[in-house]
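A.B. asks: Need coordinates for the following:
(one chain, ligands or ions: 1)
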Amino acid sequence: MQHWDIFCKVIDNYGDAGVCWRLVSQLAQRYPLKIRLWIDDLACLAKLAPEVSLEHAMQALSPHLEVHHWDASFTPTYPGDIVIEAFACDLPPCYLLAMAHRKIAPVWINLEYLSAEDWVNHCHGLASPHPELPLTKYFFFPGYTTGGLLRETDLRERQQNWYQQHTSLNNTSSSNWFSPTTPIVSDAIKISLFSYDNPALPSLLTAWSKSPAPIHCLIPTGQALDQACFFFGIAPLSPKHTHHHGTLYLTALPFVAQTHYDALLWDCDLNFVRGEDSFVRAQLAGQPMVWHIYPQQEKAHLNKLTAFLQHYTQAMPPALQQAVKQLHFCWNQGQDCTEIWAIYWDLWQKSMPLALRQHAHQWANQLYAQTDLTSQLYNFAQEKCT
Ligand code: TRH
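C.D. replies: Below is the predicted model:
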């Protein structure tokens with residue numbers, strides 16, 4: 001049985017663990033492999049995957065999948081046949097040496113961050129020989145024209161089943177997220193908001209509280225919720241509690257397991273997402289979305305954002321294309337979003353009521369037509385083995 005080692009260092013937030021967890025779960029489900037996930041922050045992983053225990057430095061979650069706490073006491077272990085270094089996290093030096101001493105050198109792959117920029121097309125799959133050891137590292141880029149996106153094989157089916165169940169119950173889906181005392185505003189537009197601290201947030205909250213139609217904003221516990229509560233001058237909302245201001249209903253959500261997060265995206269009319277993994281899930285959900293990109297030094301993230309929007313908005317009618325781009329730039333540069341929100345709202349709800357939804361649906365179809373990341377990565381590794 002082929003043996004895979006996947007190394008993950010959590011820089012901050014949840015994305016590094018989120019991507020690695022999805023990858024190992026999918027590999028373990030699809031292929032006859034023995035997988036070890038080495039991660040330096042078990043607590044972060046356990047938030048996404050509650051089956052992970054904080055008590056055990058090594059735990060077998062299934063016959064094919066082990067989770068190991070990667071800490072300073074890392075001791076040399078026999079390396080896997082395939083070694084994945086997530087996001088250039090630098091392997092432990094003793095492990096690297098052990099790789100070099102294996103009779104057949106492992107296939108060593110650096111799984112990079114997702115980007116729609118052109119240059120990734122040239123770098124995807126490139127080999128880089130180690131300067132001193134008899135090892136070669138390959139660069140694998142997730143992406144729209146490169147290594148694909150993480151996607152479970154049954155995702156679409158689960159989404160369709162979810163819609164069927166909830167619409168057949170007369171659309172009580174939202175009640176899953178709220179406490180029984182929360183008013184269900186039946187005609188409200190539902191918006192999920194998962195973002196970083198953002199100076200633009202007050203302008204959106206203000207616009208939503210003076211909206212032509214009620215808006216129900218669902219915010220997972222975290223930075224955006226803290227910021228929203230501070231803006232309204234209220235004590236931090238406990239999960240499932242609601243603050244009502246003008247036409248805005250703001251409900252705090254608990255941070256749910258990764259397997260449950262999709263249902264929130266499916267349930268909402270518009271999703272504000274961030275980083276990498278929630279951003280991909282929102283696209284696969286086939287609902288309109290706004291991306292808060294992870295800020296990088298020297299504003300490198302703005303090039304990444306531009307490249308994505310170029311692809312994402314290409315098939316939109318020009319007015320919508322412009323509004324979507326502008327909303328993204330205002331939001332990501334922390335500028336006042338009042339005006340652009342009014343334009344976006346008008347196009348979305350009045351002038352072109354179906355255009356955004358249809359576009360989001362078509363975009364998701366395009367992504368589903370592409371081979372997913374796990375299959376591509378597995379095939380890439382097998383090619384390099386031979
Ligand atoms: O949390 P993020 O901002 O993560 C990252 C990291 O900051 C990382 O360092 C950076 O490199 C990367 O972004 C680009 O955003 P992301 O990627 O969306 O990860 C969030 C994860 O949390 C994702 O797997 C979805 C999951 N999630 C839940 O499981 N439950 C929840 O309730 C919510 C809101 C999210």
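A.B. asks: Sketch out the low-pLDDT regions of the stretch 101-250 of the chain for me.
C.D. replies: By pLDDT under 70, the low-scoring segments of the stretch 101-250 of the chain are 167-184.
A.B. asks: need the residues of the stretch 151-300 of the chain near the ligand, please.
C.D. replies: Within the stretch 151-300 of the chain, the positions near the ligand by CB under 6 Å from any ligand atom are 194, 220, 255-258, 261, 274-279, 294. (C-beta placed from N, C-alpha, C; glycine too.)
A.B. asks: Please list only the buried members of these.
C.D. replies: Buried by 16 or more other CB atoms under 10 Å: 194, 220, 256, 258, 261, 274-279, 294, out of those.
A.B. asks: what pLDDT does the nearest residue to Ser62 once chain neighbours are set aside get?
C.D. replies: Excluding the flanking residues, the one nearest Ser62 by CB to CB, 6 or more residues apart in numbering is Ala28, at 6.1 Å. Predicted confidence (pLDDT) for Ala28: 98.
A.B. asks: What's the local residue count around Ala28?
C.D. replies: Ala28: 20 surrounding residues under other CB atoms under 10 Å.
A.B. asks: for Val83, same thing?
C.D. replies: Neighbours of Val83 under the rule other CB under 10 Å: 25.
A.B. asks: The residue of the stretch 51-200 of the chain found nearest the ligand: what's it in contact with?
C.D. replies: Scanning the stretch 51-200 of the chain for the residue nearest the ligand gives Phe194, at 4.6 Å (criterion: CB to the nearest ligand atom). Contact partners of Phe194, counting by CB atoms under 8 Å, 6 or more residues apart in numbering, are 219-220, 222, 224, 271-274, 278.
A.B. asks: Am I right that Gln165 sits in a strand?
C.D. replies: No: Gln165: not assigned to a strand; according to DSSP: H, G, I helix; E, B strand; the rest coil it is helix.
A.B. asks: List the contacts of it.
C.D. replies: By CB under 8 Å, 6+ apart, the contact set of Gln165 is empty.
A.B. asks: mind checking how far it is from Ala188?
C.D. replies: When CB to CB, to the nearest Å is the yardstick, Gln165 and Ala188 sit 21 Å from each other.
A.B. asks: Equivalent analysis for His101, please.
C.D. replies: Between His101 and Ala188 the computed distance is 62 Å (CB to CB).
A.B. asks: Neighbour count: these two, which is higher?
C.D. replies: Between His101 and Ala188, counted using other CB under 10 Å, Ala188 has the larger neighbour count: 19 against 13.
A.B. asks: close enough to count as contact, the more buried one and Pro214?
C.D. replies: Yes: the criterion here is CB atoms under 8 Å, and Ala188 meets it with Pro214 at 4.1 Å.
A.B. asks: shared neighbours of the two, which are they?
C.D. replies: Tyr249.
A.B. asks: picking up where we left off before, ok, so of the buried ones among the residues of the stretch 151-300 of the chain next to the ligand, who is nearest Asp267?
C.D. replies: Proximity of those to Asp267 (CB to CB) peaks at Tyr261, which lies at 10.9 Å.
A.B. asks: which residues touch the nearest residue to Pro129 once chain neighbours are set aside?
C.D. replies: In this structure, Pro129 finds its nearest non-sequential neighbour in Thr136, 5.1 Å apart by CB to CB, 6+ apart. By CB under 8 Å, 6+ apart, Thr136 lies in contact with 105, 108, 127-130.
A.B. asks: now Lys103: how far from Gln310?
C.D. replies: 47 Å.
A.B. asks: These two - which one has more neighbours?
C.D. replies: Per other CB under 10 Å, whichever of Lys103 and Gln310 has more neighbours is Gln310, with 14 against 4.
A.B. asks: Tell me who's in contact with the more buried one.
C.D. replies: Per CB under 8 Å, 6+ apart, neighbours of Gln310: Ala116.
A.B. asks: Not counting sequence-adjacent ones, nearest residue to the residue of the stretch 101-250 of the chain found nearest the ligand?
C.D. replies: Here the stretch 101-250 of the chain gets closest to the ligand at one residue, Pro220, 3.7 Å apart by CB to the nearest ligand atom. Among residues not flanking Pro220 along the chain, Leu253 sits closest, at 4.7 Å (CB to CB, 6+ apart).
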